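Student: show me how the following folds:
(chains A, B, C and D)
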Number of protein chains: 2
Amino acid sequence: MNLKQLAKELNLSISTVSKALRDSHEISIATKSAVLSKAKELNYQVNPFASSLRKQKSKTIAVVIPDAANDFFGPVINGIESVAQEKGYHVLIYLTHEEMKKEIAIIKLLQNGRVDGIMMSLSEQTTNTSHLEELTEMPLVFFDRVVEHMTVPKVTTDDFNSGVNATKHLIQNGCKRIAFLSISPNLSISNKRMKGYQEALKAHNIEPDSSLIMSCSGEDDKIIIRRLLKKKNRPDGIFASVEKLAISTYEICQELKLKIPQDIKVICFSNSQTAALLNPSLTTIVQPAFEIGREAATILFKLVEKKRHHFMLERTVLNSTLIARDSTKARRVGKIKHSK
Amino acid sequence: MNLKQLAKELNLSISTVSKALRDSHEISIATKSAVLSKAKELNYQVNPFASSLRKQKSKTIAVVIPDAANDFFGPVINGIESVAQEKGYHVLIYLTHEEMKKEIAIIKLLQNGRVDGIMMSLSEQTTNTSHLEELTEMPLVFFDRVVEHMTVPKVTTDDFNSGVNATKHLIQNGCKRIAFLSISPNLSISNKRMKGYQEALKAHNIEPDSSLIMSCSGEDDKIIIRRLLKKKNRPDGIFASVEKLAISTYEICQELKLKIPQDIKVICFSNSQTAALLNPSLTTIVQPAFEIGREAATILFKLVEKKRHHFMLERTVLNSTLIARDSTKARRVGKIKHSK
DNA sequence: GTGAAAGCGCTAACAC
DNA sequence: GTGTTAGCGCTTTCAC
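Tutor: Numbering: from 1, shown residues only, chains lettered A, B, ... in the order given. Sure thing, here's the model as predicted:
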């Protein structure tokens, strides 16, 4: 069923029908309602390719992320999709699997007009961003893992402050030697969180020790953490920049019979539903993942629809929340008590 | 940059260039290589809408799932996307948020040729499947939450057997009154798992008690679980059909000061990374989510590409794995010991 | 081996 | 208020 057939059924011209369907003011109300009801009856739907070809826009956006099996990116997708559904857009999803090579290939693929805009979070391995800088015509919004120096909208959490707060929290609960575990040092989030960590150490007159800053990219995180925790001068606090590293830390602590929080305290960025139920319950910094998705998508659609173009070249910062639980509990705060 | 411009640059006709780009045997090798190198130089990419319009296929599939923030659907998306990337397909994602209304709207939206095929997992609320049965022309593959009576390919885990095994596991660890918690009773997975549960009870001569079979759809799961666990004749084992219900069970047990596994044992279907780290560690039945995604996508692409159409109308069953942990540990099996 | 041309289904400028 | 038509960029049949 296409416009031509529909027009024939109605004894109208194609263009009249087309205009009626798009509720053009040129068309009489009577005609419009006739067209609409016939279209419904015959279950007519616009051919998206013909329409996109003609209009040179696709009503589709691309979401480029490292991984979908992730407690952060999952809710982000939900947020993006909810805005897209409201606005009648379609969402294509592409995964980089943390590989720069794939990221480049995907971005290249998206240059052909298939999408009206791109939302993305960098891969861990991305060291060079020229493939993104060349994307001058395409509306682009970064979220979470952003390219700091590019003048495109960025939606992030308050990574620096969160880094300060997480570190302070450990210090206030008695830690003196705090390790900072992150994934790739290329990443904006790792960097900002680390800066916050360093700032907090400084504010509390703790001498920074560069051997306590570890970058655990790829599969080797457990090896690195094991080595760290086996040192005789091992840390008494771990600040993990991503959830995966806290999970690994828990596992290595089980393995080495180190007790959390007595021997070592752990805090991390996490959106896991189960943090409160872990053994011990895990102190987390929770990012508003769903809202990040919604906000980034909202900005992208404004950009795509060319509204307030100049306003949007800014950074949007959403607050994250520190939820203190047992994994950072100080030794002697009242009785030993297991509250949640 | 389009074919016309590229042809002009090369002093060739549009059709020759088009054929050369698609490696047609009609075109001389010399011409082909000239075209290819020029196309690369000028960064030519085929316009997907023009191509799709002409060829009446989109090289795109739709994935329709209830929710992306989910330890099962996340890895499924990874699996699907990995196959799609290999085959040069694009993946559109649509979320039903467990609402039949949205599911219907999405399916309707996909009738206009935007995608070459659909992969889906039913929403919890879907009681009527006529919107899916009408989808006769469109290649369709179900995974996990399938419509049993439809003759389209289905990729699932061995839900019945898993239900038997989970229930047996509880019985063998001393449970006599086992509750079965599931989401919507509409769902194939709920049903099959429940049948397995009932079968196992029967095999062990345990009288079934219908008051122990609970359906917890929507937000009310905690209320239902709390009521269940407050009964004086409360169950001594919980078999949760989805992870969310096990998490709620843990929370209610904390609240009611019930000890797992001493007072009550818990097993559930879960793909959570953290099951081993929960307090106590959670016995799970793990589904091969990534492989389910890969398998379902592989079948869909075969269907789309019209290969072996008739072979594929079958069910593919992948095995799930029971991982025994502390949450189902029997009272007196050796010393009290906390292994993982 | 190469080229001309029709047409996929739609939109929008223009004519009436 | 309605109709005619060009053309979006591509693929493919058919002619040469």
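Student: mind giving me the domain ranges of chain A?
Tutor: Domain ranges of chain A: A:1-46, A:159-287+A:323-328, per automatic domain parsing.
Student: distance from the chain centre to the longest one, please.
Tutor: Per Cα atoms, centre = their mean, to the nearest Å, the displacement of domain A:159-287+A:323-328 from the mean C-alpha position of its chain is 21 Å.
Student: quick revisit: point out the most buried one among the domains of chain A.
Tutor: Ranked by mean neighbour count, the domains of chain A are led by domain A:159-287+A:323-328 with a mean of 20 (mean count of other Cβ atoms under 10 Å in any protein chain shown). Yep, even glycine has a C-beta here, placed from its N, CA and C like the rest.
Student: any idea how far apart the tips of that domain sit?
Tutor: Chord length of domain A:159-287+A:323-328, first to last residue, is 20 Å (Cα to Cα, to the nearest Å).
Student: how about that domain, does it get close to chain B?
Tutor: Yes. Applying Cβ under 8 Å from any Cβ of the partner chain, one finds domain A:159-287+A:323-328 touching chain B at A:247, A:250-251, A:254, A:272-274, A:276-281.
Student: likewise stretch A:118-129?
Tutor: No. Shown here: stretch A:118-129 not in contact with chain B (Cβ under 8 Å from any Cβ), separated by at least 12.8 Å.
Student: ranges for the helices of the stretch 1-150 of chain A?
Tutor: A:3-10, A:14-21, A:29-41, A:48-55, A:73-87, A:100-109, A:130-133 (DSSP state H, counting those that start in this stretch).
Student: of all the domains of chain A, which one is nearest DNA strand D?
Tutor: domain A:1-46 (2.9 Å; Cβ to the nearest atom of the strand).
Student: burial measure for the residue in the stretch 101-250 of chain A that chain B sits nearest to, as a count.
Tutor: Closest contact between the stretch 101-250 of chain A and chain B, by Cβ to the nearest Cβ, is at A:Asn112 (3.9 Å). When counting by other Cβ atoms under 10 Å in any protein chain shown, one arrives at 16 neighbours for A:Asn112.
Student: so it versus B:Val35, what's the distance?
Tutor: 17 Å (Cβ to Cβ, to the nearest Å).
Student: can you check A:Thr96 too?
Tutor: For A:Thr96, the distance to B:Val35 - Cβ to Cβ - is 31 Å.
Student: hmm, back to that, can I get the helices of the stretch 1-150 of chain A in CSV with distance to DNA strand D and mean pLDDT?
Tutor: Formatted as CSV, the helices of the stretch 1-150 of chain A follow (distance: least, Cβ to the nearest atom of the strand, whole Å; pLDDT from 0 to 100):
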stretch, distance to DNA strand D, mean pLDDT
helix A:3-10, 8, 92
helix A:14-21, 3, 94
helix A:29-41, 4, 93
helix A:48-55, 4, 96
helix A:73-87, 23, 97
helix A:100-109, 14, 96
helix A:130-133, 21, 95
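Student: returning to what we had before: need the residues of domain A:159-287+A:323-328 next to chain B in CSV (columns: pLDDT and distance to B:His169).
Tutor: Converted to CSV, those look like this (pLDDT from 0 to 100; distance: Cβ to Cβ, whole Å):
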residue, pLDDT, distance to B:His169
A:Ile247, 92, 25
A:Tyr250, 95, 25
A:Glu251, 93, 24
A:Gln254, 93, 23
A:Ser272, 92, 26
A:Gln273, 88, 24
A:Thr274, 92, 21
A:Ala276, 93, 26
A:Leu277, 93, 21
A:Leu278, 94, 23
A:Asn279, 90, 21
A:Pro280, 93, 27
A:Ser281, 95, 26
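Student: returning to what we had before: now the residue of the stretch 101-250 of chain A closest to chain B: closest residue in space that isn't a chain neighbour?
Tutor: Leaving aside its sequence neighbours, A:Asn112 sits nearest to B:Gln45 (Cβ to Cβ, 6 or more residues apart in numbering or on different chains; 3.9 Å).
Student: for that neighbour, give me the pLDDT.
Tutor: pLDDT for B:Gln45: 95.
Student: so who does it touch?
Tutor: By Cβ atoms under 8 Å, 6 or more residues apart in numbering or on different chains, the contact set of B:Gln45 is A:111-112, B:1.
Student: wait, which of the residues you listed is closest to A:Glu103?
Tutor: Proximity of the contacts of B:Gln45 to A:Glu103 (Cβ to Cβ) peaks at A:Gln111, which lies at 13.5 Å.
Student: doesn't A:Met138 make contact with the closest one?
Tutor: Yes. The pair A:Gln111 and A:Met138 qualifies as a contact (Cβ atoms under 8 Å) at a distance of 7.3 Å.
Student: who has more neighbours, those two?
Tutor: A:Met138 (19 against 16).
Student: ok now stretch A:13-21, how far from the chain's centre?
Tutor: Relative to its parent chain, stretch A:13-21 has a centroid offset of 42 Å by Cα atoms, centre = their mean.
Student: can it be said to contact chain B?
Tutor: No. Stretch A:13-21 lies out of reach of chain B by Cβ under 8 Å from any Cβ, never closer than 13.1 Å.
Student: can you tell if that stretch touches DNA strand C?
Tutor: Yes. Stretch A:13-21 comes into contact with DNA strand C (Cβ under 7 Å from any atom of the strand), by way of A:14-15, A:18-19, A:21.
Student: and the residue in the stretch 201-340 of chain A positioned nearest to chain B, what is it in contact with?
Tutor: Using Cβ to the nearest Cβ, A:Asn279 is the residue of the stretch 201-340 of chain A that sits closest to chain B, at 3.3 Å. Residues in contact with A:Asn279 (Cβ under 8 Å, 6+ apart) are B:277-281.
Student: now do A:Asn43
Tutor: A:1, B:111.
Student: how much space separates it from A:Met1?
Tutor: The value you get for A:Asn43 to A:Met1, if Cβ to Cβ is used, is 7 Å.
Student: same question for A:Lys244.
Tutor: In terms of Cβ to Cβ, A:Lys244 sits 50 Å off from A:Met1.
Student: pLDDT weak spots in chain A?
Tutor: Where chain A drops to pLDDT under 70, the residues are A:218, A:307-312, A:332-340.
Student: can you rerun that using 80?
Tutor: Within chain A, the stretches with pLDDT under 80 are A:217-219, A:307-313, A:331-340.
Student: quick one, strands of it?
Tutor: For chain A, the strands defined by DSSP state E occupy A:60-65, A:90-95, A:117-120, A:140-143, A:154-157, A:178-182, A:213-215, A:237-240, A:265-269, A:283-286, A:315-318, A:321-323.
Student: so which of those gets nearest B:Ser190?
Tutor: strand A:90-95 (27.8 Å).
Student: which strands and helices sit next to that closest one?
Tutor: With contacts defined as 3 or more Cβ pairs under 8 Å, 6 or more residues apart in numbering or on different chains; DSSP states H and E, strand A:90-95 has these neighbours: strand A:60-65, helix A:73-87, helix A:100-109, helix B:73-87, strand B:90-95.
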